[in-house]
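# okay, structure incoming, though there's no sequence with it:
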């Protein structure tokens, strides 16, 4: 069964449900699932890198975008 077939089966099944509580629970489940689609889950290594970058920022160990562009341009010219 491919994705389209599964979706059609689910639509048919849901359209036959008359119990309002089941439909409300299903809707809640789908809404929670939709929200979680937008959440990025990092691996432990990625989270460690993000945490390190945040600490560097807090400690002033960063440069502005303009400064970064100047450095990149200098690297490209060398």
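Perfect, I can see it now. Since the model is a prediction, treat every value here as computed from it, not as a measurement. Numbers count the residues shown, from 1 in each chain.
# could you chop the protein up by domain?
3-37, 44-77 (automatic domain parsing).
# what's the helix or strand hosting residue 68 packed up against?
In this assignment (DSSP states H and E), residue 68 forms part of helix 65-77. If contacts are counted by 3 or more C-beta pairs under 8 Å, 6 or more residues apart in numbering; DSSP states H and E, helix 65-77 sits against no helix or strand. In short, each C-beta sits where N, CA and C put it, glycine included.
# columns mean neighbour count on top of the domains of the chain, output as a markdown table?
As requested, these are exported to a markdown table (neighbours: other C-beta atoms under 10 Å):
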| stretch | mean neighbour count |
| --- | --- |
| domain 3-37 | 10 |
| domain 44-77 | 10 |
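# can you read off the pLDDT for residue 37?
Per-residue pLDDT puts residue 37 at 65.
# comparing the domains of the chain, which yields the minimum mean pLDDT?
domain 3-37 (a mean of 88).
# can you give the distance of it from its chain's centre?
Relative to its parent chain, domain 3-37 has a centroid offset of 22 Å by C-alpha atoms, centre = their mean, to the nearest Å.
# contacts for the longest helix anywhere in the chain, please.
Determined from DSSP state H, the single longest helix within the chain is helix 20-37. Contacts to helix 20-37, defined as C-beta atoms under 8 Å, 6 or more residues apart in numbering, come from residues 14, 17.
# repeat that for 6 Å
Helix 20-37 has contacts (C-beta atoms under 6 Å, 6 or more residues apart in numbering) with residue 17.
# heading C-terminal from that helix, find the next helix or strand.
Next along from helix 20-37, by DSSP H and E: helix 44-58.
# how far does that following helix sit from its chain's centre?
Worked out by C-alpha atoms, centre = their mean, helix 44-58 lies 18 Å from the chain centre.
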